[in-house]
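> Provide a 3D model corresponding to the input given below.
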Amino acid sequence: MSRIFRRVLAALCAVPLLLLTDLPAARAATTVTVYYQAPTTWSTVNIHYAPAGGAWTAAPGVAMSAYPGCPGWHVKQLDLGSATGIQAVFNNGSGTWDNNSGNNYRLGTGTVTVAAGALGSAVPCGAGAANTATVYYRTAWTTTHLHYAPTGGAWTTVPGVVMNEPACTGWVRRTVSLGTATTWAATFTNGSGAWDNNSGRDYALGTGTSTVSGGVITANAADPCATAPADTTPPSTPAGLTATAAHTTVTLGWNASTDDVGVAGYRITRGGTVLSSSTTSYTDRGLAANTRYTYTVQALDAAGNLSGSASATVTTGSAPPAPAGGQMLGGDPRKDSIYFILTARFNDGDAGNNRGGSQHVKSGNAANDDPMFRGDFKGLVDKLDYIKGLGFSAIWITPVVLNRSDYDFHGYHGYDFYEVDPRLESDGASYQNLIDAAHAKGLKIYQDVVFNHTSRWGANGLYTTTTYGVRDSEWSWYYSEKVAGRTYDPLVENSAGRTYNGDLWSSTAPAGNTCPGFGTPTGGKSPEGYKLYNCQWPSPTAKMFPANLFHQCWIGNWEGEDARSCWLHEDLADLNTENAVVQDHLIGAYKKYIDMGVDGFRIDTAVHIPRVTWNRRFLPALQDHLTAKYGAAKAKDFYIFGEVAAFVNDKWNRGSVNHSAQFYTWKERSTYSPDDVTAALEQFDHENNLGTDNQPTSTNAFLNGNTYHAPDHSKFSGMNIIDMRMHMNFGDASNAYHNGKDSDDSVNDATYNVVYVDSHDYGPNKSSVRYAEGTDAWAENMTLMWTFRGIPTLYYGSEIEFKAGQRIDCGPTCPLETTGRAYYGGHLAGSVTAADYGVVSSATGQVATTLSKPLVKHLQRLNQIRRAVPALQMGQYSTEGVSGNMAYKRRYTANGVDSFALIAVSSGATFTGIPNGSYVDAVTGDTRTVTNGSLTVDLNAKGNLRVYVLSTSATPAPGKIGATTSYLK
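Predicted coordinates:
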């Protein structure tokens, strides 16, 4: 159990117990004890029943226990609530039923026997009335099961029966029938792998009422839920405290304290940091190396009384060795072009990990035999040569972390940030295998990461919500039956495509519940017409998540402060990223992927976290880890680019600098409160009050005349951006070009911008369909992106206008095949081998046809040209002395390179005031000798290009690059 999870769990467990003395005594439920004489051929007996006025149990019902000392008889005590009787039938669990010849059995309360169709009221075998016992168990678990056996009888089936009789906060209760036995053995479990079996001895209980609290049995006990005097006695001081260090991890252990009522947990302090534990041990990870720490431990009881302190001092050792993993390729990210894929929709290499999910039929995917999780890492590894053959040297993949939702193929519903989703991995094709295979071919992996939110249910190891659920006649299809020790595994689905969710729900309010009206009907109905209940679905305003870990509001103003601190959608539980526990959890997770050797992060929903939080917490932590792994110089090669979504056509997002993409490329220029929540508010007000005219500016993207100058990155935040303004204006290339230029002075260094036309979310101008302006327009867009400043990025399939005009996303309301997130693997069938970037040496099958498309040839040659001319990769640009609609000059002079190029896209241009010398066009090979500082380009063909490169002593012009294509000629 992680340090963070212990802290959260202890806090949740301890606080509600303070309300113990305010609760009334429990009220007994109506019960019936049913004895059934089964046929001798039945080895298992179940009773399937419905209380009067209530719903039937899910078939085959609940198991009955063999009645001790009475061969052939089985017994089960049932809680009826306020009902006065039941209908019942019996079965052997294998298809054989006794339903009273189709009439069902009508049973009352008290003691009832059923033998050969006859009803009676005498306990069989002449034993008289059955003995009963009631046990109260003090618990912090959401759900508690009682696993027991009467002396001489059989144990219940694991995990036992749910302790669901009315009790009070902190306690659960169950009354059981013992038959003729007067003693019995019991253990307790949460149904998810945690057990209390009295240290392996089981609890020995008798008849009457017993309590079990903190391992202590009280026989013939008073009702612990009755009003009791206030508890003012503190627990005993923890004894035997030890502290041991292994590298930078400290493990604490101590003897259990005692208390007149019960110990609720332990408070641990390290310096000014307060930690907690619900057990007699604690593991503190991620400490500084070779540092002396002092810990104190105090016991806490339910009333909040603290014991005396035990203390111990320990010194950490050296930092642990770096985990096995990989190394990023390194190098300036501007040299790359990026191919963006949805891994689950790209190429299917292993059908064994395909999963359709619960929406498989409803979405229409089943009719197309198209499971949402179809592509995988193996499929991507198999087609790395396709991507390299297109000319790309970097691949942006959607999030890889374990997801949890009804429709989570895209990866943005993270449930366990420390684990890779098994629906993407295969034997021999793990995530590490993918990274290694890509690197072996000279391809970088940019991993999409999410810091802003988790899945609807929270995040494993940080906090997972418990919702109300009930397995009645309406909802048993949705809620999994709880199984001890079982956890979520997305590879295991039932016949309806549902995964196990027994760990997420409870029919009784969990310890620490703060959701009002837990389990009471809302009066509404589900789409299926089923009754809805309060606290059945996570919501920010229902107080189902702790406020210290998750935000508690919906966004009301997309350009307001709440857009950085509230929920985007019901499926995305918004993390309180200003909290240190949350920060540590996320930073720890993404360090893991850095250690695996990924080359960069694309940050999802970056705008929904305050810039000051990025600048003070997340970005420095990542950079520190990169520096420790690679050294300061290479660490800067790790490419971080954020999605600061601004769906407008102006320079500043509706006047809100805090919600504008370029704003996130800058360091802070004021000092704010040490408290992150306060600092975020201070920054928002400070920057918005300064307004758009008082933001920092930069010349990092611009030439000084014809001269390249060293960029000034001293004010760079560490986060680059997706060029949202060009994206929004890519209705045509000219529009994108002129809008992009207009914003570049407000970006720290626009040469690092990621530039794309459309993506998995939107097309230009917030279009909901994939770009569909025609092949010529696509060719022109590509020509601009591959020669203008920034890093060109292409969404998978755009090289053949895949799904042009189709809606990009419609969730599970339509088949994926009809959307921009359709499966692409059919176009990749066959074999392909890349000889170099943009060069295919062989291809067979359908992929050969794909590679023959005009836009593919265009793309391959653009990548070849860009890779051959450093000015097109890393150069600053200028339009001074340049006439023409899309025309500019670019230069890069550094590290022994001096590359100068004149670019014209689609139409002619004249360049004046340029250096004299020999210029060679990379498209046609045409050579011009400039003696008067002027060069004119004649061009009139959409998508065509001229790149006249000056031959310098440091960097000669490469000449014509690649073969003539339909557009580049």
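
> which non-adjacent residue is nearest residue 944?
Residue nearest to residue 944 in three dimensions, not counting chain neighbours: residue 967, with 5.8 Å by CB to CB, 6 or more residues apart in numbering. For every residue, glycine as well, the C-beta is placed using N, CA and C.

> What about the one you found, how many residues nearby?
Residue 967: 26 surrounding residues under other CB atoms under 10 Å.

> Then residue 873?
22.

> Wait, a helix at it?
Yes: membership of residue 873 in a helix is supported by DSSP: H, G, I helix; E, B strand; the rest coil.

> pretty sure it is touching residue 865, no?
No: using CB atoms under 8 Å, residue 873 is not in contact with residue 865; the gap is 10.6 Å.

> returning to what we had before: roughly how far does the residue nearest to residue 944 sit from residue 802?
According to CB to CB, to the nearest Å, residue 967 stands 18 Å off from residue 802.

> Also residue 625?
Using CB to CB, we find residue 625 at a distance of 37 Å from residue 802.

> Residue 426 too?
25 Å.

> who's more crowded, those two?
residue 426 (19 against 16).

> from memory that one sits against residue 349, does it?
Yes: using CB under 8 Å, residue 426 is in contact with residue 349, at 6.8 Å.

> what do those two both touch?
Residues touching both residue 426 and residue 349 by CB atoms under 8 Å, 6 or more residues apart in numbering: 376-378.

> Now residue 111: closest residue in space, sequence neighbours ignored.
Counting by CB to CB, 6+ apart, the residue nearest residue 111 is residue 33, at 5.1 Å.

> list the contacts for that neighbour?
Contacts of residue 33 (CB under 8 Å, 6+ apart): 75-78, 110-112, 130, 177.

> where along the stretch 651-800 of the chain do the helices fall?
Listed from the start of the chain, the stretch 651-800 of the chain has helices (DSSP state H, counting those that start in this stretch) covering 676-690, 724-728, 733-743, 775-787.

> And the helices in the stretch 401-550 of the chain?
Taking DSSP H, counting those that start in this stretch as the test, the helices found in the stretch 401-550 of the chain are 431-440.

> wait, what's in contact with residue 844?
So residue 844 contacts 830-832 (CB under 8 Å, 6+ apart).

> and if you look at residue 659?
Contacts for residue 659 (CB under 8 Å, 6+ apart) come out as 558-559, 563, 607, 644, 646, 653.

> gap between it and residue 650?
12 Å.

> Could you do residue 721 as well?
Using CB to CB, one gets 16 Å for the distance from residue 721 to residue 650.

> Give the residue from these two that has the larger number of neighbours.
residue 721 (29 against 15).

> Could I get the contacting residues of the residue nearest to that one when sequence neighbours are not counted?
Nearest residue to residue 721, sequence neighbours excluded (CB to CB, 6+ apart): residue 661, at 4.5 Å. Residue 661 sits next to 607, 642, 644, 646, 653, 721-725, 747 when contact means CB under 8 Å, 6+ apart.

> which residue sits closest to the spatially most central residue of the chain, ignoring its sequence neighbours?
The chain has residue 414 as the residue nearest its centroid, 1.0 Å off, counting by CA atoms, centre = their mean. Among residues not flanking residue 414 along the chain, residue 401 sits closest, at 4.6 Å (CB to CB, 6+ apart).

> Next: residue 860.
residue 838 (4.1 Å).

> what's stretch 308-322 in contact with?
For stretch 308-322, contacts defined as CB under 8 Å, 6+ apart pick out 234, 237-239, 241-250, 252, 254, 287-298, 595, 629.

> Extract the C-alpha set from that stretch and format it as PDB.
Extracted in PDB, the C-alpha atoms of stretch 308-322 (Å, rounded to 0.1, in the frame of the first residue of the first chain):
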ATOM      1  CA  GLY A 308       1.600  10.200  24.100                       C
ATOM      2  CA  SER A 309       4.400  10.200  21.400                       C
ATOM      3  CA  ALA A 310       6.900   7.600  20.500                       C
ATOM      4  CA  SER A 311       9.900   8.900  18.500                       C
ATOM      5  CA  ALA A 312      12.700   7.400  16.400                       C
ATOM      6  CA  THR A 313      15.400   8.900  14.200                       C
ATOM      7  CA  VAL A 314      16.900   7.300  11.100                       C
ATOM      8  CA  THR A 315      19.300   8.400   8.300                       C
ATOM      9  CA  THR A 316      18.500   7.500   4.700                       C
ATOM     10  CA  GLY A 317      21.000   5.900   2.400                       C
ATOM     11  CA  SER A 318      22.100   6.600  -1.100                       C
ATOM     12  CA  ALA A 319      19.500   7.000  -3.900                       C
ATOM     13  CA  PRO A 320      18.400   3.600  -5.300                       C
ATOM     14  CA  PRO A 321      19.800   2.500  -8.700                       C
ATOM     15  CA  ALA A 322      17.900   3.700 -11.700                       C
END
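
> hmm, back to that, of the contacts of residue 33, which one scores lowest on pLDDT?
Among the contacts of residue 33, residue 130 carries the weakest pLDDT, at 71.
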